[in-house]
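**Student:** when you get a sec, could you give me coordinates for this:
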Amino acid sequence: MSSGSTALPGDPPGGRRAMAVWGIGVAVYFVAIIFRTSLGVAGIDAAERFDINASELSTFSILQLLVYAGMQIPVGLMVDRLGTRKVLALGVVLFTTGQFGFALAHSYGTALACRALLGCGDAMTFISVLRLGARWFPARNGPMIAQVAALFGMAGNLVSTLVLARLLHDAGWTRTFAGSAGAGVVVLVLMLAFLKDHPEGFEPAPGARPGKGSVRQQIVLAWREPGTRLGLWVHFTTQFPAMVFLLLWGMPFLVEAQGMARGPAGSLLTLVVLANMAVGLVYGQIVGRHHAARLPLVLGTLGATALLWAAAIGWPGEHAPRWLLITLCTVLGACGPASMIGFDFARPANPPERQGTASGIVNMGGFLASITTLLAVGLLLDWTGGDYGTAFACVFVLQGLGLSQILRLRGQAQRRERERVVASRVETVHVPVRPDSGGLRA
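**Tutor:** Next comes the predicted model:
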């Protein structure tokens with residue numbers, strides 16, 4: 001594969017207008033992440049409010065992830081067919097309604113329904129933002145666009161941790177969740193007023209969007225591309241260790257298995273988020289300039305994560321040293337950026353009219369792995385009487401499965417991508433140019 005990516009004739013120009021429009025989409029995603037992670041700082045309050053035990057409390061997170069993962073392919077199809085603006089608007093309405101309903105809920109069943117509604121709306125945001133970036137910026141900016149979007153998502157996680165936690169203490173449950181729902185109303189107004197699917201002169205070609213009878217064909221064609229499947233397995237293999245650690249099992253592991261106080265343990269979780277934001281910018285720059293670096297970055301992150309995970313759970317003695325836990329959390333911060341590289345395998349493998357569908361397939365990977373690991377760790381902890389070493393070892397099973405698929409598909413994806421690059425260069429020589437388009441492809 002080529003060492004970099006260059007702009008093709010007909011690429012969107014980018015620029016300030018593109019940044020402004022894409023920034024509105026990112027703001028929607030930022031708010032969605034705040035809503036998604038808001039329960040993480042309200043677990044104790046939720047247990048008291050709904051009178052539920054720990055397993056019932058964990059159902060909130062698992063249900064939300066199940067809805068999110070299950071919606072990825074339908075959302076991808078919707079984005080390809082309806083466009084970004086309509087899908088994002090629907091997503092904002094759903095996750096804002098879910099957040100507001102959660103503020104008023106007093107029963108466990110109602111609260112579960114509200115979180116499911118929130119997860120459904122949340123599922124419509126990230127793929128839409130990726131598609132929006134592809135429509136407004138040159139292809140060479142794709143890797144950085146994905147990493148920056150993920151960075152703002154992690155910033156939303158920090159807002160939940162630092163702001164909503166204080167508001168819960170000061171203002172109480174209803175005011176905090178109902179007040180935060182107002183952010184959804186703000187971004188909805190902004191996007192309805194200013195967001196457009198694409199810049200003028202870059203409308204999709206007639207017939208580019210899938211027809212009503214082509215849903216199955218759209219999925220099949222995206223799945224047949226080795227780059228799509230490679231992207232899914234990259235996302236599957238790299239995202240879930242950090243997500244499982246942040247979403248549920250990191251704090252119990254650090255406190256119960258490693259003997260840390262809650263304050264320092266919380267600081268290590270924050271370190272994962274901060275490392276994610278920093279590494280994302282670095283990975284985006286590297287991949288944007290050197291496409292050949294994609295797989296080495298993925299494999300390096302996977303290897304470092306497995307090594308440090310094994311060292312932390314297998315350290316001889318009662319507790320692992322603090323420096324090792326700090327190093328582990330720093331490396332876990334690279335898992336999210338590495339998973340974003342999965343989209344950089346799927347993007348060049350699919351034409352514009354299949355980008356949403358392909359992104360949805362890729363985005364399922366990490367969430368399916370996370371759901372599986374969340375359940376497996378809980379079952380193994382119950383079976384072993386709280387042995388985190390044994391429970392956390394299930395991570396290696398999923399990493400091994402994902403690695404085997406990555407190694408199997410990498411050659412096919414590389415050959416197919418080279419074929420597409422050659423074909424696109426030949427096409428640009430023969431495609432006619434509109435007289436009024438300033439050199440844009442017809």
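**Student:** got any ranges where this structure has weak pLDDT?
**Tutor:** Low-confidence segments of the chain, defined by pLDDT under 70: 1-11, 54-55, 201-213, 421-442.
**Student:** got the domain ranges for it?
**Tutor:** Using automatic domain parsing, the domain parsing of the chain gives 15-195, 214-430.
**Student:** all helices of the stretch 101-250 of the chain, in order?
**Tutor:** 108-122, 126-136, 142-159, 165-171, 173-194, 215-224, 226-244, 250-252 (DSSP state H, counting those that start in this stretch).
**Student:** in the host helix or strand of residue 267, what's buried?
**Tutor:** Assigned by DSSP states H and E, residue 267 falls within helix 262-289. Buried residues in helix 262-289, counted by 16 or more other Cβ atoms under 10 Å: 265-266, 268-273, 275-277, 279-280, 283-284, 286-288. (Glycine included, C-beta is placed from N, CA and C.)
**Student:** next structured bit after that helix?
**Tutor:** Note on helix 262-289: by DSSP H and E, the next helix or strand toward the C-terminus is helix 294-314.
**Student:** got the angle for that next one vs helix 142-159?
**Tutor:** 30 degrees (axes from the mean of the first three to the mean of the last three Cα atoms, to 10 degrees).
**Student:** could you identify the helix or strand that succeeds helix 294-314?
**Tutor:** Next along from helix 294-314, by DSSP H and E: helix 322-332.
**Student:** for this structure, longest helix please?
**Tutor:** Counting by DSSP state H, the longest helix found in the chain is helix 394-430.
**Student:** for residue 333, which non-adjacent residue is closest in space?
**Tutor:** Spatial nearest neighbour of residue 333, excluding adjacent residues (Cβ to Cβ, 6 or more residues apart in numbering): residue 275 at 2.4 Å.
**Student:** same question, residue 286
**Tutor:** That would be residue 293: by Cβ to Cβ, 6+ apart, it lies 5.1 Å from residue 286.
**Student:** now the one you found: how far from residue 226?
**Tutor:** 19 Å (Cβ to Cβ, to the nearest Å).
**Student:** ditto for residue 216
**Tutor:** On the measure of Cβ to Cβ, residue 216 and residue 226 end up 20 Å apart.
**Student:** who has more neighbours, those two?
**Tutor:** residue 226 (21 against 8; other Cβ atoms under 10 Å).
**Student:** list the contacts for that one?
**Tutor:** 349, 409, 412, 413, 416 (Cβ atoms under 8 Å, 6 or more residues apart in numbering).
**Student:** one more time with 10 Å
**Tutor:** 345-346, 349, 408-417 (Cβ atoms under 10 Å, 6 or more residues apart in numbering).
**Student:** what does residue 256 give?
**Tutor:** 265, 381, 386, 388.
**Student:** can you select the buried ones among those for me in ChimeraX?
**Tutor:** Command for ChimeraX, covering only those of those found buried under the criterion 16+ other Cβ under 10 Å:
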select :265,381,388
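**Student:** inside helices: which ones of the contacts of residue 256?
**Tutor:** Judged by DSSP H, helices contain the following of those: 265, 381, 388.
**Student:** for the nearest residue to the last one once chain neighbours are set aside, what are its contacts?
**Tutor:** Right, residue 388. The shortest distance from residue 388 to any non-neighbouring residue, by Cβ to Cβ, 6+ apart, is to residue 257 (4.1 Å). Residue 257 sits next to 249, 312, 313, 318, 319, 320, 386, 387, 388, 389, 391, 392 when contact means Cβ under 10 Å, 6+ apart.
**Student:** ok, residue 257 to residue 355 distance?
**Tutor:** The gap separating residue 257 from residue 355 is 42 Å, by Cβ to Cβ.
**Student:** same check, this time on residue 96
**Tutor:** Applying Cβ to Cβ, the value for residue 96 to residue 355 is 26 Å.
**Student:** got it, and residue 407?
**Tutor:** 26 Å.
**Student:** again, but for residue 133
**Tutor:** 10 Å.
**Student:** end-to-end on stretch 386-404?
**Tutor:** Its first and final residues considered, stretch 386-404 spans 30 Å by Cα to Cα, to the nearest Å.
**Student:** buried set for it?
**Tutor:** Buried, per 16+ other Cβ under 10 Å, within stretch 386-404: 388, 391, 392, 393, 394, 395, 398, 399, 402, 403.
**Student:** so which of the contacts of residue 226 comes closest to residue 303?
**Tutor:** Ranked by distance to residue 303 (Cβ to Cβ), those are led by residue 410 at 15.3 Å.
**Student:** which residues touch the closest one?
**Tutor:** Residue 410 neighbours (Cβ under 10 Å, 6+ apart): 226, 230, 233, 234, 294, 295, 298, 299, 345.
**Student:** if you set the cut-off to 8 Å instead, what comes out?
**Tutor:** Going by Cβ under 8 Å, 6+ apart, the list of residues near residue 410 reads 230, 295.
**Student:** how much space between it and residue 301?
**Tutor:** Shown here: residue 410 relative to residue 301, a distance of 15 Å by Cβ to Cβ.
**Student:** and residue 361, by the same measure?
**Tutor:** From residue 361 over to residue 301 the distance is 21 Å, taken as Cβ to Cβ.
**Student:** same check, this time on residue 391
**Tutor:** With Cβ to Cβ as the criterion, residue 391 and residue 301 are 23 Å apart.
**Student:** again, but for residue 114
**Tutor:** Distance from residue 114 to residue 301, by Cβ to Cβ: 35 Å.
**Student:** tell me which of those two has more neighbours.
**Tutor:** residue 301 (25 against 21).
**Student:** for the residue nearest to that one when sequence neighbours are not counted, I want the exact helix or strand it lies within.
**Tutor:** Counting by Cβ to Cβ, 6+ apart, residue 301 lies nearest to residue 338, which is 3.9 Å off, once chain neighbours are set aside. If you go by DSSP H and E, residue 338 is part of helix 335-346.
**Student:** now do that helix against helix 394-430, angle only.
**Tutor:** Going by the same axes, to 10 degrees, helix 335-346 makes 40 degrees with helix 394-430.
**Student:** let me know the angle separating helix 335-346 from helix 226-244.
**Tutor:** Using the same axes, to 10 degrees: helix 335-346 against helix 226-244 is 170 degrees.
**Student:** quick one, what contacts the spatially closest residue to residue 278 that is not a sequence neighbour?
**Tutor:** Spatial nearest neighbour of residue 278, excluding adjacent residues (Cβ to Cβ, 6+ apart): residue 333 at 7.3 Å. Counting by Cβ under 8 Å, 6+ apart, residue 333 touches 242, 271, 272, 273, 274, 275, 276, 277, 278, 279.
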